[in-house]
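Student: Generate coordinates for the sequence data below:
(one chain, ligands or ions: 2)
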Amino acid sequence: MVPYGWDADWDAVFAPYAEQGLLPGRVVRVDRGQCDVLTPGGLVRADTEFVVPSDPMSVVCTGDWTAVDTGDRDPRYVRALLPRRNAFVRSTSSKRSEGQVLATNIDHVVICVSLADELDLGRIERFLALAMSCSSGDALLREQAHGESIAVQPVLVLTKADLVPDEATLAHLRTDAETVAPGVQVLPVSAETGEGLDILAAVVAGGTTALLGQSGAGKSTLANALLGEESQAVQVTRDRDGKGRHTTTTRNLLPLPASAGGGVLIDTPGLRGVGLWDAQDGLGQAFSEIEELARDCRFQDCAHDSEPGCAVTAAVADGTLPERRLDSYRKLLRENTRLAARTDARLRAEQRHMFKQRQALGRHMMERKRGPHRRA
Ligand SMILES: Nc1nc2c(ncn2[C@@H]2O[C@H](COP(=O)(O)OP(=O)(O)OP(=O)(O)O)[C@@H](O)[C@H]2O)c(=O)[nH]1
Ligand SMILES: [Zn+2]
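Tutor: Ligands and ions are numbered 1, 2, ... in the order given. Next up is the predicted model:
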């Protein structure tokens, strides 16, 4: 039995590799050409040259499950990468429009929002869309996952609950947060008093959890509280070349205490720095009640603006859908489209090309319809 987020499904996927005498290992961090993996035998360093893909989206990433050589042979190799269940992908601004994979195989995304500041509902919605984009991913990911990717479960954690003066105010803030997070567990937590920590620990036990949130939201503090003193005290040392030279490395994936049910936390600098990337699919899930309403719009491509028979604007009119929600949805959709257009040079070029083609085609059809005519 391997901890670190391993389960019966991984066991089944891994069976053929086990037959070849390979070990399952979870990627903790990736360096150039090498990675650190957690195996049942401990932390090992392995070369990745056998799993270098032509496609950057398949590059070994923190959170990946791999099949590695056993024994003390040096160097060890990662022999295979197990198909991913899901992935956090950031679109890049490079000429090639492939994304950059930040973390993979995630069960829970804990979104940290500080109660020390005024609750920014728009920001919560943005983070939720981001969290939910993890499982929708893109076509490439779906291919890799051999079918549908597995959904992540977002949890909205309201941190620093000890700074809220009274229970009534806290209840209020919680309700406010819940209105923008339909179907999502909202949990006030304080690392200071320990409030809510046991509930959160129970939610994430056994699985893989990624932390999202603004700088200063309390992610590190929360991570430390979940990891417990025991885990923090353990420094990662690695006997690199058998000559007694120990290297301390930073890990991006940390095992949760077995006493609390195990599992791992993923906290990578890359994930920390994200804004809203291509979260189009995630937006639909974060605003699921709007998407649901939209099914009853008369037009399939309804923009919920001034179209006749729009079920969404009707819901705003009769008070079932807060206008704020629709505004926020529109704003994030726009923002996302702008961002995608900016970061994806290829898409832009394609759009220009298509537009020109359409213009040319339009002119051509017009001329055919009207017959040859002199142009000014
Ligand atoms: N009162 C109170 N303060 C907290 C709590 N959790 C965190 N803080 C404080 O909030 C500040 C920021 O916490 P961090 O854990 O460093 O925040 P972070 O999200 O990891 O920030 P970055 O590393 O910049 O991404 C620190 O000064 C913490 O001491 C809490 O539960 N209660
Ligand atoms: Zn509509």
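Student: only C-alpha atoms for contact and neighbour calcs from this point on.
Tutor: Will do.
Student: what pairs with whichever strand or helix holds Val27, and is each one parallel or antiparallel?
Tutor: Using DSSP states H and E, Val27 falls within strand 23-31. For strand 23-31, the pairing partners within the sheet under DSSP bridges are strand 34-39 (antiparallel), strand 65-68 (antiparallel).
Student: Pick the most buried one from those strands.
Tutor: Stretch with highest mean neighbour count among the strands paired with strand 23-31: strand 65-68 (a mean of 26; mean count of other CA atoms under 10 Å).
Student: Tell me which other helices or strands the following helix or strand past that strand touches.
Tutor: Next in sequence after strand 65-68, counting helices and strands by DSSP H and E, comes strand 76-81. Applying 3 or more CA pairs under 8 Å, 6 or more residues apart in numbering; DSSP states H and E, we find strand 76-81 packed against strand 42-47, strand 65-68.
Student: From Gly319, how far off is whatever residue of the stretch 151-300 of the chain ends up closest to ligand 2?
Tutor: Going by CA to the ion, ligand 2 is nearest to Cys297 of the stretch 151-300 of the chain, at 4.7 Å. The spacing between Cys297 and Gly319, counted by CA to CA, to the nearest Å, is 17 Å.
Student: give me the low-pLDDT residue ranges for the stretch 251-376 of the chain?
Tutor: For the stretch 251-376 of the chain, applying pLDDT under 70 flags the ranges 270, 272-281, 339-359, 361-362, 364-366, 368-376.
Student: Any residues of it in contact with ligand 2? List them.
Tutor: Within the stretch 251-376 of the chain, the positions adjacent to ligand 2 are Cys297, Cys302, His304, Cys310, Val312 by CA under 5 Å from the ion.
Student: Ignoring the adjacent residues along the chain, who's closest to the second one?
Tutor: Read that as Cys302. Cys310 (7.1 Å; CA to CA, 6 or more residues apart in numbering).
Student: Would you mind measuring from the one you found to ligand 1?
Tutor: Between Cys310 and ligand 1 the computed distance is 41 Å (CA to the nearest ligand atom, to the nearest Å).
Student: what about that residue, how many neighbours?
Tutor: The tally of other residues near Cys310 (other CA atoms under 10 Å) stands at 21.
Student: Relative to Phe287, how far out is it?
Tutor: 17 Å.
Student: now Thr208
Tutor: Thr208 sits 24 Å away from Phe287, going by CA to CA.
Student: now do Asp72
Tutor: 51 Å.
Student: Which one of those two is surrounded by more residues?
Tutor: Per other CA under 10 Å, whichever of Asp72 and Phe287 has more neighbours is Phe287, with 20 against 8.
Student: give me every residue that touches that one.
Tutor: Residues in contact with Phe287 (CA atoms under 8 Å, 6 or more residues apart in numbering) are Pro182, Tyr329.
Student: Ramachandran angles for it?
Tutor: When read as degrees, to the nearest 10, the backbone of Phe287 gives phi -120, psi 50.
Student: For the stretch 151-300 of the chain, what lies in contact range of ligand 1?
Tutor: Applying CA under 6 Å from any ligand atom, we find that the stretch 151-300 of the chain lies next to ligand 1 at 159-160, 162-163, 190-192, 214-221.
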